[in-house]
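[1] Build me a model from this:
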Amino acid sequence: MSQPSSLPGRPLTPASGAAAPEMRVARVRSHARRLLWSALVLIAVATAMGYYSGNLPSSWTAWLPDDLQEAAATWLLWSAAAVVVIVLVVIPYLRWLAHTYTITTRRVIERSGLVARRRVEITHARGYTISEKRGPLQRLWGTGDLVLSNGVEQPVRLTNVPAVRLVHETLADQVEISQILAHRDAHGPGATGATTVLP
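    Residues are numbered from 1 along each chain as shown. Presented below is the predicted three-dimensional model:
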């Protein structure tokens, strides 16, 4: 039995026995506030470069020959700035960008890692508990942590998820719909062992 189309906000369930393709419901990342320090470092490095470029104290390069002092000072300054930006700005940003949580109509998938990729997933049909935790700063930003655990597979932890209430409701809806579909398909007329009573 399909859901009536008059119910707003709920997707229509496929007909019994019909193939239900897996569709992506949402893809989220942790809240970008963790990149605040990286942004401050980038601003500080840009400010320092603007001030010290061509204006380095001569004592910093006094150990070099006179004809190389200015070029070496500029090279050292730009090299130091590049190292700081790569280590404290670019790498944290790429790590944040690579860590995603994908919610589909069948499962929740956590992917992370820049070089060695890690993937953890949990299916809706098996059911799981959703634990929500929100600290004072998380409440201020509208974020929170969700832990999805079914007691069998490794729990999936969604940390600092933006719009955590909406994500929580979406996950609960997907579990409900998946379990209804699994139950319907297991006990429907096309299921093995099902008997049809004729009048």
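[2] Put the alpha carbons of the helix or strand harbouring Leu94 into CSV.
    Using DSSP states H and E, the secondary-structure element containing Leu94 is helix 91-98. Extracted in CSV, the C-alpha atoms of helix 91-98 (Å, rounded to 0.1, in the frame of the first residue of the first chain):
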residue,chain,number,x,y,z
ILE,A,91,45.5,20.8,5.7
PRO,A,92,42.8,21.5,8.3
TYR,A,93,40.5,22.8,5.5
LEU,A,94,41.1,19.7,3.4
ARG,A,95,40.5,17.4,6.4
TRP,A,96,37.2,19.2,7.1
LEU,A,97,36.2,19.0,3.4
ALA,A,98,37.0,15.2,3.2
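[3] Now do it: which elements does it pack against?
    Applying 3 or more Cβ pairs under 8 Å, 6 or more residues apart in numbering; DSSP states H and E, we find helix 91-98 packed against helix 36-52. (C-beta placed from N, C-alpha, C; glycine too.)
[4] what's the spacing between the helix it packs on and its chain's center?
    Centroid separation for helix 36-52 versus its chain: 27 Å, with Cα atoms, centre = their mean, to the nearest Å.
[5] between it and helix 91-98, how many degrees?
    140 degrees (axes from the mean of the first three to the mean of the last three Cα atoms, to 10 degrees).
[6] Going by neighbour count, which residues of helix 36-52 are buried?
    Going by neighbour count (16 or more other Cβ atoms under 10 Å), the buried part of helix 36-52 is 38, 41-42, 45, 52.
[7] Just give me the closest of the residues you listed to Gly151.
    Ser38 (37.6 Å; Cβ to Cβ).
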